[in-house]
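# My questions concern the predicted model and sequence given below.
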Amino acid sequence: MDRQAVCVVVLLSFLSCGWGQNRNVTSAKAGVGAKPVSDEDITPTPRQMQNFLWRTLVMKDLRLTGQVQSGDKKIPLLIRTRDRLLQFEFKDRPLQIRVRFAPEGSLIQKRSKADGEWQVVTGAEKTKAVAGTDLAFEDLGIDFLRWPDPQPKGEDNVMMLDCWVYEVVPPVESNYAKVRYWISKGYKAMIRADGLNSQGQAIKRFTFNSVIEAEDTVVIGEMKVAKLTPGTDVSASRTFVQVETVEKGSGL
């Protein structure tokens, strides 16, 4: 297996079919010699960005092994992916979590054994921590990418990448008053997200530290989830989700 960790982070895909097609044109008003307008010069509307991210949220049929590390605790993890289905299996405890992505919101389910009945995680339970880590059930569903009425918040540079910034308010019960997220202009992928409190302070931060290229695809190598001391960039606690191997055939 060809395993390559790189410094550029990609959450969803390297593919880009989005909003800028046929827009690399020279403005007639600018006169002869004007530079063409590239996709990166055009800030996509929130709706365009949501639609693009949803189209790219289709996963290959893969089996990934790794671990979740929270403090001194390391939990062996198996992740299965196929189409719009994502399944987490914690190897040190009887817990499996399944996320089915849908336009109206993710369906999150859990069960305590491989042949058990799936139970839907709803309401306040979505805000609870998963296996004692800094991840909540709602975080696994990344529903904020489909919450209504996201607002553009300008541009920023994160990890040496130029980004568009968006902010959205949850329409349902959530740990966050708002979520702010950064989309790389070049890769058209989310590279950071902050959950904010009612004072607009970041209380949780998601960053994607590396990717792995294997089996003709690219997946996240490491994601960091940090609980922040409000009003600072200081981490009160941190959880790392690390992928070590990638194989074809999820078994889903």
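Right, received. Where do you want to start?

# Helices of the stretch 51-200 of the chain, start to end?
Secondary structure of the stretch 51-200 of the chain by DSSP state H, counting those that start in this stretch: the helices cover 137-141.

# Please name the bridge partners of residue 228.
For residue 228, the beta-bridge partners under DSSP bridges are residue 235.

# That one against residue 235, yeah?
Yes - contact criterion C-beta atoms under 8 Å: residue 228 and residue 235 qualify, at 6.2 Å. In short, each C-beta sits where N, CA and C put it, glycine included.

# So those two - more neighbours on which side?
residue 228 (20 against 15; other C-beta atoms under 10 Å).

# where does the more buried one sit relative to residue 177, distance-wise?
14 Å (C-beta to C-beta, to the nearest Å).

# now swap in residue 113 and tell me
Distance, residue 113 to residue 177, by C-beta to C-beta: 36 Å.

# OK, contacts around residue 180?
Shown in contact with residue 180 (C-beta atoms under 8 Å, 6 or more residues apart in numbering): 153, 165, 166, 167, 193, 194, 196, 202.

# Repeat that for residue 184.
158, 161, 162, 163, 190, 191.

# State the pLDDT value of the fourth one.
On the pLDDT scale, residue 163 is placed at 93.

# The nearest residue to residue 152 once chain neighbours are set aside: how many residues sit nearby?
Closest residue to residue 152 apart from its sequence neighbours, by C-beta to C-beta, 6 or more residues apart in numbering: residue 166 at 5.8 Å. When neighbours are counted by other C-beta under 10 Å, residue 166 registers 24.

# can you list the weak-confidence ranges in the stretch 151-252 of the chain?
Residues of the stretch 151-252 of the chain that meet the criterion pLDDT under 70 lie in 214-215.

# quick one: residue 230 and residue 196 touch, right?
No - contact criterion C-beta under 8 Å: residue 230 and residue 196 do not qualify, at 9.2 Å.

# the more surrounded of the two?
Between residue 230 and residue 196, counted using other C-beta under 10 Å, residue 196 has the larger neighbour count: 18 against 14.

# what sits against that one?
Contacts of residue 196 (C-beta under 8 Å, 6+ apart): 176, 177, 178, 179, 180, 202, 203.

# in the sheet, who's paired with the fifth one?
Note on residue 180: beta-bridge partners by DSSP bridges are residue 167, residue 194.

# What distance do you get for it to residue 207?
Per C-beta to C-beta, residue 180 is found 13 Å from residue 207.

# Check the first one too.
With distances taken as C-beta to C-beta, residue 176 is found 16 Å from residue 207.

# picking that back up, now list the buried members of the contacts of residue 184.
Buried members of the contacts of residue 184, counted by 16 or more other C-beta atoms under 10 Å: 161, 163, 190, 191.

# how about these in a markdown table, adding distance to residue 78?
What follows is the buried ones among the contacts of residue 184, written out as a markdown table (distance: C-beta to C-beta, whole Å):
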| residue | distance to residue 78 |
| --- | --- |
| 161 | 31 |
| 163 | 32 |
| 190 | 24 |
| 191 | 25 |
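
# Mind picking the two most distant members of the residues you listed?
Spatial extent of the buried ones among the contacts of residue 184 (C-beta to C-beta) is set by the pair 161 and 190 at 11.2 Å.

# Convert stretch 55-66 to CSV, retaining C-alpha atoms only.
Output of stretch 55-66 as CSV, limited to C-alpha atoms (Å, rounded to 0.1, in the frame of the first residue of the first chain):
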residue,chain,number,x,y,z
ARG,A,55,-21.8,16.5,-4.0
THR,A,56,-18.3,15.6,-2.9
LEU,A,57,-19.5,13.8,0.3
VAL,A,58,-19.4,10.3,-1.4
MET,A,59,-16.9,7.8,0.0
LYS,A,60,-15.2,4.9,-1.6
ASP,A,61,-15.7,1.3,-0.4
LEU,A,62,-12.9,1.2,2.2
ARG,A,63,-11.8,-0.3,5.5
LEU,A,64,-9.6,1.9,7.7
THR,A,65,-7.8,1.0,10.9
GLY,A,66,-6.3,3.4,13.4
